[in-house]
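K.L.:
Can you look at this prediction? I've put the sequence above it.
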Amino acid sequence: MATLETIRHVPHRDEINNDRVEWVKAKGRKVIERLPQIVWMDHTPWREANLWALEQATSNRKNLKTVASAITGIHAYSKWLEKEEVNWWDFPAREADRCLVRYRGALIDARDGGELAPSTAQQRMAVVIRFYRWLWASRLISPEWPMWRDKQVGVRIADTFGFERTLMMRSTDLAIPNRKAIGDGLEDGLLPVSIANRNVVLAFANDYASEELALMLRLGFRTGMRLGTITDLKIGSLERAVPDPSFPMWYRLAVGPGAHPPVHTKFSVTGQIWIEASDLQMLKDYAFSSRRLKRQALAKPECRGNLFLTRFGGRYGAGGADMSRSLNVEIGRLRNKGFAAGHSVFRTFHFHQSRCTFATELARVAIRHGGVNVAIQLVKQALLHKDENTTIKYIRFVEKSAVMAEAADAFTQSFLGLFDTRKAANA
């Protein structure tokens with residue numbers, strides 16, 4: 001199958017010297033580390049997709065992680081093309097036989113079969129359409145080919161004052177709607193796990209996962225950090241942690257592009273993460289353990305400051321939207337082992353549920369002791385939410401859970417009382 005590789009791209013420009021074309025390094029242009037590239041099964045590059053990736057990566061409007069996310073969607077498309085033995089330029093007169101129409105059908109089947117989340121199916125189709133729009137604009141495909149039919153869609157947006165306006169957006173008849181499931185999904189549509197299940201996950205990880213993954217899970221459950229932030233923590237981040245004057249035995253870790261050293265955060269939000277003193281000390285002990293120092297010795301100079309390194313000295317999640325193949329594989333193995341051992345929490349466990357669990361527990365405590373307004377500010381600050389609406393979801397979830405628990409108890413008592421009354425009457 002097609003693979004997704006990364007390269008170190010050094011920009012060059014052509015010069016003519018003595019009637020010969022020579023390529024020299026372009027001055028003033030940035031070297032791109034770990035530029036994603038797609039390679040077909042026969043080891044030839046998908047030149048058009050790779051050129052699109054390069055153009056996106058050299059744009060000042062997009063960062064490399066955004067480019068990697070888009071190319072991950074194109075990579076999924078390339079694997080489908082090879083599996084179905086279809087060419088990416090296959091647009092016959094019969095609509096049902098066109099490559100994009102067939103791919104849309106495959107995504108919908110995977111969504112309906114539970115293999116893909118609705119949002120994933122929508123995003124994969126959207127990124128493929130963006131790629132083909134670029135191909136058309138670059139004249140790499142004929143504008144006469146019947147790819148899709150464009151349509152205008154009105155989207156209603158309300159501002160902070162409640163006034164609504166409608167934006168007209170361009171869409172296609174190939175777009176897949178994101179029909180979200182009805183329920184209480186929080187960030188990424190996931191739900192928190194119970195405290196008991198959290199303890200099961202951490203204990204099982206300590207016994208059966210690598211030391212790195214066990215520490216990452218502990219940080220996820222006890223600090224609420226996203227996996228992308230955890231994998232980009234630096235030794236300097238630990239050394240510069242400062243005590244929190246308001247919470248004894250707690251420290252603050254600076255993260256984000258404005259931190260020193262910088263640490264990746266979603267939406268490039270700069271802030272401080274709360275971490276308990278014993279957890280901070282555990283990370284410091286790991287940072288200077290023989291296990292990590294051996295990995296550091298294999299690492300490149302620019303990676304040696306990272307707290308978490310792979311066994312080959314690489315950075316977890318370097319330059320990729322899917323974070324890290326090694327982490328994905330290990331989390332999958334841990335999930336399978338845990339479920340096989342009889343722990344049902346591992347059946348559908350995702351790393352991001354550690355963040356959801358931390359947030360809901362923090363919200364529950366904050367509401368109890370300070371009320372809703374205090375809880376919103378505290379959770380937003382602790383989780384570095386860019387949008388307060390995301391924080392409010394956690395507050396509403398906690399409030400609704402409490403009401404539903406009381407209602408369930410009342411219903412159970414009423415139901416059982418009614419059952420006991422009828423039972424006595426029939427006796």
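P.N.:
Structure's in. What do you need?
K.L.:
Tell me how many other residues surround V345.
P.N.:
19 (other Cβ atoms under 10 Å). The C-beta positions use only the backbone N, C-alpha and C, and glycine is treated the same way.
K.L.:
residues contacting it?
P.N.:
193, 197, 200-201, 338 (Cβ atoms under 8 Å, 6 or more residues apart in numbering).
K.L.:
Select from those the one having the most neighbours.
P.N.:
V201 (26 neighbours).
K.L.:
who touches the host helix or strand of it?
P.N.:
Taking DSSP states H and E as the definition, one finds V201 inside helix 195-208. For helix 195-208, contacts defined as Cβ under 8 Å, 6+ apart pick out 193, 213-214, 217-218, 221, 334, 337-338, 341, 343, 345-346, 349, 354, 357, 361.
K.L.:
Just the buried ones from these, in PyMOL syntax?
P.N.:
Buried residues among these (16 or more other Cβ atoms under 10 Å), as a PyMOL selection:
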select buried, resi 193+213+214+217+218+221+334+337+338+343+345+346+349+354+357+361
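K.L.:
Narrow the contacts of helix 195-208 to those in helices?
P.N.:
Residues of these located in helices (DSSP state H): 213-214, 217-218, 221, 334, 337-338, 354, 357, 361.
K.L.:
Now the two most distant members of these.
P.N.:
Maximum pairwise distance in the ones in helices among the contacts of helix 195-208, criterion Cβ to Cβ, is 25.9 Å, between K337 and E361.
K.L.:
so who does F349 touch?
P.N.:
Neighbouring residues of F349 by Cβ under 8 Å, 6+ apart: 193, 201, 335, 338.
K.L.:
Compute the distance between the last one and W148, please.
P.N.:
So that's G338. Distance, G338 to W148, using Cβ to Cβ, to the nearest Å: 44 Å.
K.L.:
Next: the first one.
P.N.:
From V193 over to W148 the distance is 42 Å, taken as Cβ to Cβ.
K.L.:
now the third one
P.N.:
The gap separating R335 from W148 is 38 Å, by Cβ to Cβ.
K.L.:
same deal with Q123?
P.N.:
Using Cβ to Cβ, Q123 is found at 17 Å from W148.
K.L.:
What of K380?
P.N.:
Counting by Cβ to Cβ, the gap from K380 to W148 is 40 Å.
K.L.:
E212 too?
P.N.:
Distance, E212 to W148, by Cβ to Cβ: 45 Å.
K.L.:
In the stretch 151-300 of the chain, where is pLDDT below threshold?
P.N.:
152-170, 179-185, 187-189 (pLDDT under 70).
K.L.:
Helices of the stretch 101-250 of the chain, start to end?
P.N.:
Secondary structure of the stretch 101-250 of the chain by DSSP state H, counting those that start in this stretch: the helices cover 118-137, 195-208, 211-223, 227-230, 235-239.
K.L.:
Show me what counts as buried in the first one.
P.N.:
What that stands for is helix 118-137. 118, 120-129, 131-132, 134-135.
K.L.:
ok but R311 is inside a helix, no?
P.N.:
No. Applying DSSP: H, G, I helix; E, B strand; the rest coil, one finds R311 to be coil, outside a helix.
K.L.:
contacting residues around the nearest residue to it once chain neighbours are set aside?
P.N.:
Leaving aside its sequence neighbours, R311 sits nearest to R295 (Cβ to Cβ, 6 or more residues apart in numbering; 6.2 Å). R295 is in contact with 309-313, counting by Cβ under 8 Å, 6+ apart.
K.L.:
Please give the element, helix or strand, for R295.
P.N.:
Going by DSSP H and E, R295 is in helix 290-298.
K.L.:
can you pull the buried residues of that helix?
P.N.:
Quick answer for helix 290-298 (16+ other Cβ under 10 Å): 292, 295-296.
K.L.:
mind giving me JSON lines with those and columns for distance to C99?
P.N.:
Formatted as JSON lines, the buried residues of helix 290-298 follow (distance: Cβ to Cβ, whole Å):
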{"residue": "R292", "distance to C99": "47"}
{"residue": "R295", "distance to C99": "43"}
{"residue": "Q296", "distance to C99": "46"}
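K.L.:
which one of those is nearest R98?
P.N.:
Of all these, R295 has the smallest distance to R98: 48.3 Å, by Cβ to Cβ.
K.L.:
part of a strand, is D14?
P.N.:
Yes. If the criterion is three-state DSSP, then D14 is within a strand.
K.L.:
so L383 makes contact with R355?
P.N.:
Yes. Using Cβ atoms under 8 Å, L383 is in contact with R355, at 7.2 Å.
K.L.:
Could you pull out the residues contacting both of the two?
P.N.:
By Cβ under 8 Å, 6+ apart, L383 and R355 have these common neighbours: G224.
K.L.:
for the stretch 51-200 of the chain, what spans make up the strands?
P.N.:
Here the stretch 51-200 of the chain has its strands, by DSSP state E, counting those that start in this stretch, at 150-158, 164-172.
K.L.:
Please identify the buried residues of stretch 373-383?
P.N.:
Buried positions in stretch 373-383, judged by neighbour count with 16+ other Cβ under 10 Å: 375-376, 378-380, 382-383.
K.L.:
now stretch 299-318
P.N.:
299, 303, 306-310, 313-318.
K.L.:
same thing with stretch 71-84?
P.N.:
For stretch 71-84, the neighbour count (16+ other Cβ under 10 Å) marks 71-81 as buried.
K.L.:
for stretch 57-68, same thing?
P.N.:
Residues 57, 64-65, 67-68 are the ones in stretch 57-68 that count as buried (16+ other Cβ under 10 Å).
K.L.:
Give me the domain ranges for this structure.
P.N.:
Listed by automatic domain parsing, the domain ranges of the chain are 3-147, 187-365.
K.L.:
First-to-last residue distance for the first one?
P.N.:
Criterion Cα to Cα, to the nearest Å; first-to-last residue distance in domain 3-147 is 26 Å.
K.L.:
Surely V31 and I7 touch.
P.N.:
No. Look at V31 against I7 with Cβ under 8 Å: they stay out of range, at 10.9 Å.
K.L.:
For K386, list the residues it contacts.
P.N.:
266-267, 269.
K.L.:
rerun at 10 Å
P.N.:
The contact partners of K386, by Cβ atoms under 10 Å, 6 or more residues apart in numbering, come to 265-269, 380.
K.L.:
wait, doesn't S171 sit right on R133?
P.N.:
No. Contact between S171 and R133 fails when scored by Cβ atoms under 10 Å: they sit 11.7 Å apart.
K.L.:
which residues are common contacts for those two?
P.N.:
Counting by Cβ under 10 Å, 6+ apart, the residues touching both S171 and R133 are 148, 150.
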